[in-house]
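>>> the following block contains a protein sequence and its predicted model.
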Amino acid sequence: RRLFSYELFRSSLLFIFFFFNDTATTEIYTLSLHDALPIFQEAASEIDTPLTQAILLAGLNDTDRDVRITCCQKLGERGGDATVGSLRQVLEKDEEIDVRLAAVDALGQIRTTASVQALSLALHNRDPAMQYAAVQALKSASGQNFGNDVGAWRQYADGDTPQILPAASVAQRMKDMMPF
């Protein structure tokens with residue numbers, strides 16, 4: 001037996017998001033965010049207000065990694081300059097690899113030069129999974145395609161023009177291996 005109606009809670013959440021925009025309300029709903037995560041996800045995608053943005057940004061500091069991952073995903077869908085800075089901080093400071101990967105994916109959804117620069121951090125990470133995710137995100141964010149060459153993507157993200165050498169044909173490689 002449920003103690004409360006999810007639909008009533010969802011309606012209340014939408015009402016709060018729409019009509020209130022103050023710090024106290026943000027803090028109250030942020031504190032209870034992980035308890036109402038499924039309902040919040042739906043409500044956050046339906047209402048685009050400064051309050052929902054503030055709650056999503058505050059959710060990046062939640063103790064529950066699933067809440068942080070969800071907030072990264074929703075912020076990536078919303079975009080914006082403030083979002084890029086917050087996702088960059090997650091990428092720099094969060095201890096959970098899954099949260100950092102969610103931040104990389106979210107940055108890939110935001111098609112700005114700031115998001116490309118933020119993704120440079122992931123390219124310089126030693127973890128191959130992080131580098132691969134960064135390359136995929138950069139393909140989405142930039143519209144460029146330098147294949148899976150992490151070095152070329154690093155040059156691009158750092159503002160340089162990547163030096164891409166044309167791939168030698170199989171015949172050319174065979175010719176280069178022959179001693180005569």
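Sure, I can see it. Worth saying up front: this structure is predicted, and the values here are computed from it rather than measured. Residues are numbered from 1 along each chain as shown.
>>> okay, stretch 122-134 in CSV with CA atoms only?
Output in CSV follows, covering the C-alpha atoms of stretch 122-134 (Å, rounded to 0.1, in the frame of the first residue of the first chain):
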residue,chain,number,x,y,z
ALA,A,122,38.4,13.7,-21.0
LEU,A,123,40.8,13.2,-23.9
HIS,A,124,43.7,13.9,-21.6
ASN,A,125,42.5,11.3,-19.1
ARG,A,126,44.6,8.0,-19.1
ASP,A,127,41.5,5.8,-19.0
PRO,A,128,40.8,4.4,-22.5
ALA,A,129,37.0,4.3,-21.8
MET,A,130,37.0,8.0,-21.0
GLN,A,131,39.0,8.8,-24.1
TYR,A,132,36.6,6.7,-26.3
ALA,A,133,33.6,8.4,-24.7
ALA,A,134,35.2,11.8,-25.3
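>>> who's in contact with it?
Where contact means Cβ atoms under 8 Å, 6 or more residues apart in numbering, the residues beyond stretch 122-134 that reach it are 91, 97, 100-101, 104-105, 119, 135, 137-138, 148, 150, 153-154, 157. C-beta coordinates here come from the backbone N, C-alpha and C atoms, glycine included.
>>> pLDDT below threshold where in this structure?
1-49, 163-169, 173, 180 (pLDDT under 70).
>>> show me the contacts of stretch 122-134 that map onto helices.
Cross-referencing the contacts of stretch 122-134 against helices under DSSP state H gives 91, 97, 100-101, 104-105, 119, 135, 137-138, 150, 153-154, 157.
>>> all helices for this protein, in order.
Listed in chain order (using DSSP H), the helices of the chain are 6-19, 23-31, 37-46, 50-59, 65-78, 81-93, 97-109, 113-123, 128-142, 150-157, 170-177.
>>> generate a ChimeraX selection restricted to the buried subset of the ones in helices among the contacts of stretch 122-134.
For the buried members of these, the matching ChimeraX selection, counting by 16 or more other Cβ atoms under 10 Å, is:
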select :91,100,101,104,105,119,135,137,138,150,153,154,157
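>>> what is the burial count for residue 124?
Each residue near residue 124 was counted by other Cβ atoms under 10 Å, and the total is 13.
>>> swap in residue 170?
Neighbour number of residue 170 under other Cβ under 10 Å is 8.
>>> ok, now how distant is it from residue 177?
11 Å (Cβ to Cβ, to the nearest Å).
>>> likewise residue 67?
Distance from residue 67 to residue 177, by Cβ to Cβ: 55 Å.
>>> looking at these two, which one has more neighbours?
Remark: of residue 67 and residue 177, residue 67 carries more neighbours, 22 against 7, as counted by other Cβ under 10 Å.
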